[in-house]
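# model the following, please.
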Amino acid sequence: MNGLPLVELAGDAYTQGWRHGRVLREAIAANLRIYTARFERELRMPLAEVWRRALRYADAIAGQNPAYAAGMRGIADGAGIELAAIAALNVRYELFYQYFREYDRPPAKPDGCTAFALLPAETSDGHLLVGENWDWITGVRGAIVATVEPDGLRTLAFTEAGIFGGKIGLNSAGLALLINGLSSTADDWASLRRPFHVRCYEILRARTLAEAQAVITAEARAGSANFLIAQTPDQVINIEAAPETVAVSGCAGGCLIHANHFNDPAALGIVERAIERVPHSQWRQARLQALLAPRPQSLASVQAALRDHDRHPYSVCFHIDPADPPDEYYESVASIIMDVTAQTLYATDGPPCEREYGQYRLAAGAEES
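Numbering: from 1, shown residues only. Sure thing, here's the model as predicted:
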């Protein structure tokens, strides 16, 4: 089939994690090779220190969300990999973004994404449609995980192999999540606050928009991130979250677009780090806004927008800059679109201009698009 591999998970968190680890063990090993090289090169610290930091976070997660901690242990056991390495994958967001804080030189790019939401009144079939291009390290392996929780809630989400749960996805309560990496000078991994990927896991297991919003806003955060949350039939909110403050917004004219910058950092009382060697986040956001301005939009027209190459390689469909060294290559690693009304997810394994979208249904498996 086209698209990403589908892994079906059920049972308690440890059992889900064990199957994740067993089925995706080769992809997990590949991701660890990529990340350990970058931990040593970009964090400028021996792996022993990376593992120490990761295990400190693992201890904190065990108190914050015991199910998530059990899931990480399951992945480690299923893949035959030490818990410290799996924990490092699961808190790599905090570890990498701390790098932006500790070193005064152009850092690695953050999780780049250009995300959108369209209310039902703006789509050709009257469905709530959301999605994004997820721009990250070339070669990172992903998967679609379909879970059935012990209480019956079902989720369908994109994740990186080795990271428990999912970070771009939807659930059977009609709720969907998109994310964008952000960075500010206030980010601090050592606070050991609930990590980014744990919050994504909790949001995707929320049953209401208010419950999902509280996952982000009820307590302070270790680092900055953007969360775009939607729920059927027609609710959409965007939360720009810095460590101590948040900005909540909604759709303007039935559409919401967000990339990798704070829209008004001064209003949040933070200083945003300049983390793009060639600034492009504001351009990608404005470009996708323009592409989605003609209404109504269909699944096909949204796919075309996410394949846009204006200002290539720093385009909505993001590509490798040949001027970068090979160990700093970034591209649209996956493109994900969700018809939240129909509980269907479409995803590519690689840049959407090069790959077809695989189709995944919340109540069933995957099929070719």
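# in the stretch 201-350 of the chain, which spans are strands?
Secondary structure of the stretch 201-350 of the chain (DSSP state E, counting those that start in this stretch): strands at 225-231, 235-241, 246-249, 255-258, 330-339, 344-349.
# would a markdown table of the ones you listed with mean neighbour count, mean pLDDT and distance to V302 be doable?
C-beta: built from backbone N, CA, C; applies to glycine. Conversion of these to a markdown table gives the following (neighbours: other CB atoms under 10 Å; pLDDT from 0 to 100; distance: least, CB to CB, whole Å):
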| stretch | mean neighbour count | mean pLDDT | distance to V302 |
| --- | --- | --- | --- |
| strand 225-231 | 25 | 98 | 14 |
| strand 235-241 | 22 | 98 | 15 |
| strand 246-249 | 15 | 97 | 21 |
| strand 255-258 | 23 | 98 | 11 |
| strand 330-339 | 26 | 97 | 6 |
| strand 344-349 | 25 | 98 | 9 |
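# could those strands go into CSV alongside distance to A143?
Below are those laid out as CSV (distance: least, CB to CB, whole Å):
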stretch, distance to A143
strand 225-231, 21
strand 235-241, 26
strand 246-249, 30
strand 255-258, 24
strand 330-339, 10
strand 344-349, 9
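# which residues sit in contact with R22?
Neighbour list for R22: 78-79 [criterion: CB atoms under 8 Å, 6 or more residues apart in numbering].
# A helix includes it, no?
Yes - counting by DSSP: H, G, I helix; E, B strand; the rest coil, R22 is found in a helix.
# how much space between it and T36?
21 Å (CB to CB, to the nearest Å).
# which one of the strands of the stretch 201-350 of the chain lies closest to A212?
Among the strands of the stretch 201-350 of the chain, the nearest to A212 by CB to CB is strand 225-231 (5.1 Å).
# that closest one pairs with which strands, and in what direction?
strand 175-181 (antiparallel), strand 235-241 (antiparallel) (DSSP bridges).
# in a markdown table: the ones you listed, plus distance to L128.
What follows is the strands paired with strand 225-231, written out as a markdown table (distance: least, CB to CB, whole Å):
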| stretch | distance to L128 |
| --- | --- |
| strand 175-181 | 8 |
| strand 235-241 | 8 |
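# between these, which gets nearest to Q213?
For the strands paired with strand 225-231, the distance to Q213 is smallest for strand 235-241, at 6.5 Å, taking CB to CB.
# contact partners of the closest one?
So strand 235-241 is contacted by 117, 119, 128, 130, 182, 209, 213, 216-217, 221, 224-230, 246-251, 256, 258, 262-263, 268 (CB under 8 Å, 6+ apart).
# cutoff 6 Å now
For strand 235-241, contacts defined as CB atoms under 6 Å, 6 or more residues apart in numbering pick out 117, 209, 216, 221, 225-230, 246-251, 256, 258, 262.
# where exactly do the strands run in the stretch 51-200 of the chain?
Under DSSP E, counting those that start in this stretch, the stretch 51-200 of the chain gives strands at 112-118, 129-137, 142-148, 154-160, 168-171, 175-181.
# among the ones you listed, which comes closest to Q289?
strand 112-118 (8.4 Å).
# now the angle from the closest one to strand 129-137?
180 degrees (axes from the mean of the first three to the mean of the last three CA atoms, to 10 degrees).
# give me the sheet partners of strand 112-118 and which way each runs.
Going by DSSP bridges, the partners of strand 112-118 are strand 129-137 (antiparallel), strand 255-258 (antiparallel).
# could you list every residue that touches L204?
Per CB under 6 Å, 6+ apart, neighbours of L204: 155, 157, 166, 169, 171, 177.
# among those, who's most crowded?
G169 (28 neighbours; other CB atoms under 10 Å).
# least confident secondary structure element in this protein?
In the chain, no helix or strand scores lower on mean pLDDT, DSSP states H and E than strand 366-367, which sits at a mean of 46.
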